[in-house]
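Asks: model the structure of this input:
(chains A and B)
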There are 2 protein chains.
Amino acid sequence: MGKYSKRSEDYSKWYTDVIERASLAEHSDVRGCMVIKPYGYAIWEKMRDVLDRKFKETGHSNAYFPLFIPKSYLNKEAQHVEGFAKECAVVTHYRLKTDDDNQLVIDPEAKLEEELIVRPTSETIIWNSYKKWIQSYRDLPILINQWANVVRWEMRTRLFLRTSEFLWQEGHTAHATREEAIEEAERMLNVYADFAEKYMAMPVVKGQKTESERFAGAEDTLCIEALMQDGKALQAGTSHFLGQNFAKAFDVKFADKEGKLEHVWATSWGVSTRLIGGLIMTHSDDEGLVLPPKLAPIQVVIVPIYKTEEQLQQITEKVNALADELKAIGISVKFDDDDNKRPGWKFAEYEAKGVPVRIAIGPRDLENNKAEVARRDTKEKEIVNWDSLIQFIPELLDEIQENLYRRALAFNQENTTIVDTYEAFKKALDEKPGFISAHWDGTKETEAKIKEETKATIRCIPFDAKEENGKCIYSGKPSTRRVLFARAY
Amino acid sequence: MGKYSKRSEDYSKWYTDVIERASLAEHSDVRGCMVIKPYGYAIWEKMRDVLDRKFKETGHSNAYFPLFIPKSYLNKEAQHVEGFAKECAVVTHYRLKTDDDNQLVIDPEAKLEEELIVRPTSETIIWNSYKKWIQSYRDLPILINQWANVVRWEMRTRLFLRTSEFLWQEGHTAHATREEAIEEAERMLNVYADFAEKYMAMPVVKGQKTESERFAGAEDTLCIEALMQDGKALQAGTSHFLGQNFAKAFDVKFADKEGKLEHVWATSWGVSTRLIGGLIMTHSDDEGLVLPPKLAPIQVVIVPIYKTEEQLQQITEKVNALADELKAIGISVKFDDDDNKRPGWKFAEYEAKGVPVRIAIGPRDLENNKAEVARRDTKEKEIVNWDSLIQFIPELLDEIQENLYRRALAFNQENTTIVDTYEAFKKALDEKPGFISAHWDGTKETEAKIKEETKATIRCIPFDAKEENGKCIYSGKPSTRRVLFARAY
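Replies: Model (predicted):
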């Protein structure tokens, strides 16, 4: 194990090691693009399935819009083009040819009249369609989600957290009233928060972004912010109230019941494969990945310990019966009877992969009708009567799910510091990194200065921030509520 | 209805009308790219879910590889680069900037050293990863599938059938032996055929492609071919035995049990959103889409007919109870009580959307405890006792699924003509388009001549073609079995 970094010594290297040991993903040879390996993709599939069900339960349908966006579309919404990063993949040609040396080269004849941008986000291409779909109030609301790949060129990348291509979902909705759109943006933020807490076991703070951290083109950006083990914050999901900005840019109007034409109100909201980075950095330890049971591709692994073929056969019979029972109640089980690997090797392997529960059964267990059950979160082991496993295991999975959340919540609370002076603020950032709750005067200038001097940004104005009179830690000007600062991924 | 084309009069226009009326998809303003609308995407989701389950049952896992392929990768496998269409989207720059007129332009400083190609298929980028993953026979087989978007620039596009961007799955497997890879390619072709027949109710012919129709880089291409209502064939899925071609191009070797290094054997296989085009053109009619129940997003629609609020309330109570019972046995039900639309309008709408079963219930039905049940495939109606609907409906859905398959199979057989002369071949093509079973001398030259003169291609050498002595319809040279010709999409 010496080759792997400890979490306490080099968090960044530890993070990369966890990903490598669990075979989640790797860098490809294409700058900034990752390969999501089967085990990593299986976690994404579980996340996607839960979120997709929640989107459908809240009335949304999936659809699919083009990968390419004509350059001129990006020009249409002024704030969007101004604020949005311009690091995009630009398609300029549509054909290759082989040259005299039999090498592939661009065919200069096949130059596009207008360049196409690989979507960094789809507001513009989608609102160009909505223009055709919306005439009257009867066509509203439109509640659509898209699962897609997007590209934002990145020079410095980190697996899952920041890659040039990533997978995500983007909801794009259209409404007849401002109120309804705001309600939708809030509803979807709550869906994200619920998913983060109940499934990822990752506590989040719900809040509002400041103007400078807002999505380009939004009137209001809501977010969930999580705290990683190294005290850095992670923006885990955002939900935007777009006002009428895109409707105006793409001239999308509807006739209300009285026949009066009005611009449509909009939201958009998204989470991405970045969540997997958050999952890793919320729970994992020096032995590798720790997964909450609800998102674990394998919830229970069973490892046989035997010397003779006869023992293996007896164990296999018993295990198959149990595995069938567990599968019948929806628990995913793997029986690893690979004869080429020693039990100790398997134990370490499934720990690195974050499998929540391991059952080991050997010849003596067979005699006593028992098994050793180890839980990944606390690494505690227990001898359990074989016949009671069918009750014990589902209860243990629930307990692990809850324990992971409790543990992360306690960490979150312990690492949220309340400060009233800039000195205390800087001290906390250095000595006890985490969320810092402090008064701010509400100006861009102060926010920029603090960021410049400390690299800490305002993660959000929490929804649950109390009204309280205070003074901005930087300018000393009056403030009515605290905001949450942190250094962030 | 006058605005829509009849299937018998203008098949091509009829096809487009069916898509429009059912709100499946539409052209976007981006050349060749379509927007898949929610109802069309819901069909794709149903297809994807069934196929994904079948892939997993046969031991495959999903993963995700980069959208972009460095141009040099495409150069590595000679046949691949030679045979594969060079109509690709080429990314040359990674940044935009705003010029003096505040317009977005390419930043000339941000030119890529090596151009990136938006994947037209992923063999090259995936085998570049497999090189790192495979050292020994213990690493094999690798059984991976990817759900992704791909781009092949098309000048003439048709919704679902031929678009510049489309959605698909691509399986990419690596094996220790030739035999195992061939077995895999055959297994996945059978998965496709089973899916086409049992779920899409679309009969297919399984066979082998001729050398000239083979995938660029494959040693053998297996395919399923379906026959559309206009007598044109549709290649619905392909499964390739790639031999060691990509392993050699990317230098992927494994050590066998004796430690001897050998190149890895490969397959790849895929189906795409094109299947939705096949589904439409297998079953639909002048009233619109016809969907097999197993792929219908809505299997049963219930339309209330009422004059008073009280009647509607009585109907609603009855319907809700039934809908709950149907949902409990896995049947998707929609109760359309929209007060703004007349029942007749709704009937036409759900016919256009291909909903397999419609239940209408009015005041008299309420009195008699009955309902009118209409099936979409035959348009037959029947009065059914309300209490027996819970048995009647699932049986009817099964019957519709089977009937659609029987009907399509009969059409397929009626439109497969056996000919022994070139005269008869050309006559059949003109007068009774469909599959034509004929002898062929096995040469590229003859195949090319026939294609040039008649636009018919060899769809496949059917697996079930009997050994029989015959003469090539074109050259008169000896042949040992018949192949299947058709004009194709």
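Asks: use CA for all of it now, contacts and neighbours both
Replies: OK.
Asks: quick one: the helices in the stretch 51-200 of chain A, in order.
Replies: In the stretch 51-200 of chain A, helices defined by DSSP state H, counting those that start in this stretch lie at A:71-74, A:78-83, A:123-133, A:178-198, listed in chain order.
Asks: which strands border the next helix or strand after the longest one, and is each parallel or antiparallel?
Replies: Going back to what we said before, that points to helix A:178-198. Towards the C-terminus, the helix or strand next in line after helix A:178-198, according to DSSP states H and E, is strand A:205-208. Strands flanking strand A:205-208 in the sheet, each with its direction: strand A:220-227 (antiparallel), strand A:457-462 (antiparallel) (DSSP bridges).
Asks: can you say which of those is packed in most?
Replies: With neighbours taken as mean count of other CA atoms under 10 Å in any protein chain shown, these reach their highest mean count in strand A:220-227, at a mean of 27.
Asks: ok now the next helix or strand after it, how far from the chain's centre?
Replies: Past strand A:220-227, heading to the C-terminal end, the next element that is a helix or strand (DSSP H and E) is strand A:233-243. Between the centre of strand A:233-243 and the centre of its chain there are 12 Å (CA atoms, centre = their mean, to the nearest Å).
Asks: what's the angle from strand A:233-243 to helix A:123-133?
Replies: With axes from the mean of the first three to the mean of the last three CA atoms, to 10 degrees as the basis, strand A:233-243 and helix A:123-133 are set at 30 degrees to each other.
Asks: between helix A:178-198 and strand A:233-243, find me the angle.
Replies: Between strand A:233-243 and helix A:178-198, the angle formed by their directions is 160 degrees, by the same axes, to 10 degrees.
Asks: identify the residues contacting strand A:233-243?
Replies: A:178, A:181-182, A:185-186, A:188-189, A:192, A:215, A:217-228, A:265-272, A:274-275, A:278, A:434-435, A:459, A:486-489 (CA atoms under 8 Å, 6 or more residues apart in numbering or on different chains).
Asks: what about residue A:104, distance to residue B:362?
Replies: In this structure, residue A:104 and residue B:362 are separated by 68 Å, where distance is defined by CA to CA, to the nearest Å.
Asks: and if you look at residue A:230?
Replies: When CA to CA is applied, the distance between residue A:230 and residue B:362 equals 65 Å.
Asks: for residue A:383, which non-adjacent residue is spatially closest?
Replies: Leaving aside its sequence neighbours, residue A:383 sits nearest to residue A:372 (CA to CA, 6 or more residues apart in numbering or on different chains; 4.6 Å).
Asks: what's the burial count for the residue in the stretch 251-400 of chain A positioned nearest to chain B?
Replies: Shortest the stretch 251-400 of chain A-to-chain B distance, computed as CA to the nearest CA: residue-wise this is residue A:340, at 9.6 Å. The burial metric for residue A:340, expressed as a neighbour count using other CA atoms under 10 Å in any protein chain shown, is 7.
Asks: show me the strands in the stretch 51-200 of chain A, by range?
Replies: In the stretch 51-200 of chain A, the segments counted as strands under DSSP state E, counting those that start in this stretch are A:61-62, A:68-70, A:90-93, A:96-98, A:104-106, A:111-118, A:142-151, A:165-175.
Asks: what is the fifth one packed up against?
Replies: Contact partners of strand A:104-106 among helices and strands, from 3 or more CA pairs under 8 Å, 6 or more residues apart in numbering or on different chains; DSSP states H and E: strand A:96-98, helix B:71-74.
Asks: could you dump these to JSON lines with distance to residue B:9, mean neighbour count and mean pLDDT?
Replies: Written out in JSON lines, the entries for the helices and strands packed on strand A:104-106 read as follows (distance: least, CA to CA, whole Å; neighbours: other CA atoms under 10 Å in any protein chain shown; pLDDT from 0 to 100):
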{"stretch": "strand A:96-98", "distance to residue B:9": "40", "mean neighbour count": "18", "mean pLDDT": "91"}
{"stretch": "helix B:71-74", "distance to residue B:9": "44", "mean neighbour count": "19", "mean pLDDT": "92"}
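Asks: and for residue A:80, the neighbour number?
Replies: When neighbours are counted by other CA under 10 Å, residue A:80 registers 19.
Asks: distance check, it against residue B:118.
Replies: The gap separating residue A:80 from residue B:118 is 25 Å, by CA to CA.
Asks: which residue packs closest to the residue nearest the centre of chain A, ignoring adjacent ones?
Replies: The C-alpha lying nearest the average C-alpha coordinate of chain A belongs to residue A:275 (CA atoms, centre = their mean; 1.7 Å). Using CA to CA, 6+ apart and skipping residues adjacent in sequence, the residue nearest residue A:275 is residue A:236, 6.1 Å away.
Asks: residue A:280 now?
Replies: Nearest-residue entry for residue A:280: residue A:289, 6.4 Å, with adjacent residues in sequence omitted and distances by CA to CA, 6+ apart.
Asks: go on, residue A:76?
Replies: With CA to CA, 6+ apart, the residue lying closest to residue A:76 is residue A:249, at 5.5 Å.
Asks: got it, and residue A:157?
Replies: Using CA to CA, 6+ apart and skipping residues adjacent in sequence, the residue nearest residue A:157 is residue A:163, 5.2 Å away.
Asks: how about the one you found, what does it touch?
Replies: For residue A:163, counting by CA under 8 Å, 6+ apart, the contacting residues are A:32, A:33, A:34, A:152, A:153, A:154, A:157.
Asks: and it, how far from chain B?
Replies: 11 Å (CA to the nearest CA, to the nearest Å).
Asks: ends of stretch A:56-76, what's the gap?
Replies: Stretch A:56-76 has its terminal residues 31 Å apart, counting by CA to CA.
Asks: and if you look at stretch A:369-389?
Replies: With CA to CA as the measure, stretch A:369-389 spans 11 Å from end to end.
Asks: buried ones in that stretch?
Replies: Within stretch A:369-389, the residues that count as buried by 16 or more other CA atoms under 10 Å in any protein chain shown are A:370, A:371, A:372, A:373, A:374, A:375, A:376, A:377, A:384, A:386, A:389.
Asks: who's in contact with that stretch?
Replies: For stretch A:369-389, contacts defined as CA under 8 Å, 6+ apart pick out A:290, A:351, A:354-362, A:365, A:400, A:403-404.
Asks: just checking, which of those residues belong to strands?
Replies: Members of these lying in strands (criterion: DSSP state E): A:357, A:358, A:359, A:360, A:361.
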